[in-house]
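*Asks:* 3D, please:
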Amino acid sequence: MPLPLLPPLTLLWVVPALPLAGSVVNGALALAAPRAKRAVSLVGVGVLVLAFAAAALAVVALAQLHPSAPLVVRYWEWLPVGDLQVAFALQLDQLSAVMILVVTGVGALIHVFSVGYMRGDPGYARYFAYLNLFVFFMLTLVLGASFPVMFVGWEGVGLCSYLLIGFWFTEKINADAGKKAFVVNRIGDFGFLVAMLLIFRHTGSLDFGAVFPKASAAFPAGGPVVTAITLFLFLGCTGKSAQIPLYTWLPDAMQGPTPVSALIHAATMVTAGVYLVARCGPLFALSPVGSATVAGVGALTALFAATIALKQWDIKRVLAYSTVSQLGYMFLGVGTGAYAAGIFHLTTHAFFKALLFLGSGSVIHAMHRAYHATHAHEDAQDMRNMGGLARYMPWTAALMWIATLAIAGIPPLAGFFSKDEILGAAFARGAVRPAWYVFWGMGLAAALLTAFYMTRLMLYTFHGPNRTGDREREQLHEAPPVMTGPLVALGVLTVLGGALNIPPLFGGGARLEHWLAPVTDVALTPAPDASPATAWALVASAVLVAALGMVGAFQLLRPEALVPARLAPPARGLGRLLWKKWYVDELYDAIVVRPVLWLSREVLWKIVDKRLVDGLLVNGTAAASRALGWVGSRLQTGEVGVYVVLFVVGVLAVVGAVVR
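*Replies:* All right, here's what the predicted structure looks like:
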């Protein structure tokens, strides 16, 4: 007998409906009253605050019921097509509960920050309309009770990423970045579509409640079908969550406004792939190849992206590659079968990565203001043009140091607990499958590089001599409270976020792990528990590696020797290789982009379109019609004698044919 739903659960639709309503209202204001910024701010921020409150009420109601199965609310029949019966239904369980709190909570803080950051932009109302729409689609994605409903949100966040990354579309570089994100994600989404077709072919349904319970019966463990499904699903994840080989769009996404970067990287789009793997745990548990691929690609991406971040100078680009690397950690966790650890890192990462991006936004805001006041034309995002900013922006510097310690894995901050759980799970799985020892080693190496490049970012940005210039230095100061306030809130979450899932090793109760158990236990792959001595040794190694990376940065880097970007010598050797991102973009351009453009322009357009379609079919048909008409017109002379002669000739021809 189904459990009676409490009022907050029956009104679950309100959670995504509020940001959708905000998007509609702000879209109307963008057309009718683009200068009504107070109204835009109240609507844009207000709907997110209310959505967070509604989400919190729904989660409290869920906790009171303690359900062992998801609570599904069906609203209407959406796709009743033969055997395919898909209702528009939302689902709330322990996993989606965590996601909606992260999306609405962190999203609300980013919206508040945006009020100050985007205040002077002429597209203010349009910006908030897009931002609200982004949150709506992400909530649809995590609340959908079936693959098609999830796919609506999946495609929606792709659309919104295109709109927001290319928000300042009058500049070609911004428009190109938006198009790149859109196209690369379509490649991944092809995998998601194929996986859905395979799932429906073998289970007869696309509802989570029907597919997952019958997965073990429909798909033999390790069989080719379930392996194909999981690999196609993960192809979709590599696009949305920027993993090898489809990660290249995310660093270019920095062309959008900085709060957009925070929303994409911390609370919405890039976490969709991690959520999808965790949601489809019953399928991945049946495919050792699929799970190993997820973990292996995640570990490789974590290490590869960390190497690139070592030599980037754009403050946002460093953080972008940091996100790619941290997403690799999350996939290492869920691919290992440690779903709770992967979701835990997703949650803590939302806190400290949003803090880092919004902190960089405060820095960029101050730098832009300084250069604008003095009519300078320096790059406001290049760390070589910064330095010594801690003296002028002490709050931002202190809070970003907290986030840096968290992402490096320094205890007792949030990032330490979540990253340690992932590395520990990978090491434990190595006792069953030795390949996981390699994954663990790659994750540990990535942790070392993370601590180094994040300390580098902080040293070059906030310490050493100031490199902005004498006149610009006078304009540097802390951001207004509407921007600093969200940083403080995220700083508190970064400090306390680890308490969500303190493991028994540290005397905690692993609360998040127990909370997620009804969702994750059905997909857990047993692995031997490490002894307490081994567990402490793993913790010590992770902390030692993080400390080594930070101390190494302090010892090897010399902020006082850095010169502004315009005076900096070109990078050489390995440094240039890392600065050029291992030339992956250039490689893709050579083997994919240029051949496709050549095929499109030289073959499809000039030969197929212009010569065959336009020339032979369209113009050729018109020419033949004109020629036929001209021949017919020659027969219509208007002279009766000619008509009589033709008539007689025709009669004779017919009679002759009959006689023969």
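
*Asks:* contacts and neighbour counts: CA atoms only from here.
*Replies:* Will do.

*Asks:* the bottom helix or strand of the chain by mean pLDDT?
*Replies:* Scoring the helices and strands of the chain by mean pLDDT, DSSP states H and E places helix 7-10 at the bottom, with a mean of 73.

*Asks:* and it, what does it pack against?
*Replies:* Under the contact definition 3 or more CA pairs under 8 Å, 6 or more residues apart in numbering; DSSP states H and E, helix 7-10 sits against helix 37-65.

*Asks:* tell me which residues of the helix it packs on come out buried.
*Replies:* Buried residues in helix 37-65, counting neighbours by 16 or more other CA atoms under 10 Å, are found at 37, 40-41, 43-59, 61-62.

*Asks:* on that earlier part again, gap between the least confident helix or strand of the chain and the chain center?
*Replies:* Taking CA atoms, centre = their mean, to the nearest Å, the mean C-alpha location of helix 7-10 is offset from the chain mean by 30 Å.

*Asks:* and the next helix-or-strand element following that helix, what does it pack against?
*Replies:* Remark: after helix 7-10, the chain's next helix or strand is helix 14-32, criterion DSSP states H and E. Here helix 14-32 touches helix 37-65, helix 124-143, going by 3+ CA pairs under 8 Å, 6+ apart.

*Asks:* now helix 14-32: buried residues?
*Replies:* For helix 14-32, a neighbour-count test (16+ other CA under 10 Å) marks 14-27, 29-30 as buried.

*Asks:* OK, contacts around residue 357?
*Replies:* When contacts are counted by CA atoms under 8 Å, 6 or more residues apart in numbering, residue 357 touches 258-259, 261-262, 316, 319.

*Asks:* if I look at the closest residue to residue 401 other than its chain neighbours, how far off is residue 398?
*Replies:* Take residue 401 and drop its neighbours on the chain: the residue closest to it by CA to CA, 6 or more residues apart in numbering is residue 458, 7.2 Å away. Using CA to CA, to the nearest Å, we find residue 458 at a distance of 10 Å from residue 398.

*Asks:* and stretch 310-318, how far apart are its ends?
*Replies:* Stretch 310-318: ends 8 Å apart by CA to CA.

*Asks:* which other residues reach it?
*Replies:* Counting by CA under 8 Å, 6+ apart, 251, 254, 309, 357, 360, 381-384, 449, 452-453, 457, 575-576, 578-579 sit against stretch 310-318.

*Asks:* out of these, which are buried?
*Replies:* Among the contacts of stretch 310-318, those classed as buried by neighbour count (16+ other CA under 10 Å) are 251, 254, 309, 357, 360, 381-384, 449, 452-453, 457, 578-579.

*Asks:* so, low pLDDT: which residues of the stretch 151-300 of the chain?
*Replies:* Filtered on pLDDT under 70, the stretch 151-300 of the chain yields no residues whatsoever.

*Asks:* do that again at 90, thanks
*Replies:* 169-171, 174, 204, 214, 216-218, 221-222, 252-256, 261, 263-270 (pLDDT under 90).

*Asks:* and for the stretch 1-150 of the chain?
*Replies:* 1-11, 30-37, 64-71, 73, 75-87, 119-121.

*Asks:* try it again with 70
*Replies:* Low-confidence segments of the stretch 1-150 of the chain (pLDDT under 70): 1-7.

*Asks:* hang on, the earlier thing: redo the contacts of residue 357 as TSV? Include neighbour count.
*Replies:* Listed next are those as TSV, based on neighbours: other CA atoms under 10 Å:
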residue	neighbour count
258	26
259	27
261	28
262	28
316	26
319	25
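
*Asks:* circling back: in the least confident helix or strand of the chain, what's buried?
*Replies:* For helix 7-10, the neighbour count (16+ other CA under 10 Å) marks 8-9 as buried.

*Asks:* same check on stretch 466-485?
*Replies:* 466-468, 472-473, 475-479, 483-484.

*Asks:* at which residues are the helices of the stretch 401-550 of the chain located?
*Replies:* If DSSP state H, counting those that start in this stretch is used as the criterion, the helices of the stretch 401-550 of the chain fall at 414-429, 435-462, 470-473, 481-496, 511-520, 532-556.

*Asks:* ok and the fifth one relative to helix 37-65, angle-wise?
*Replies:* Between helix 511-520 and helix 37-65, the angle comes out at 80 degrees (axes from the mean of the first three to the mean of the last three CA atoms, to 10 degrees).

*Asks:* now helix 511-520, how far from the chain's geometric center?
*Replies:* 24 Å.

*Asks:* ditto for the fourth one
*Replies:* Distance of helix 481-496 from the chain centroid (CA atoms, centre = their mean) equals 23 Å.
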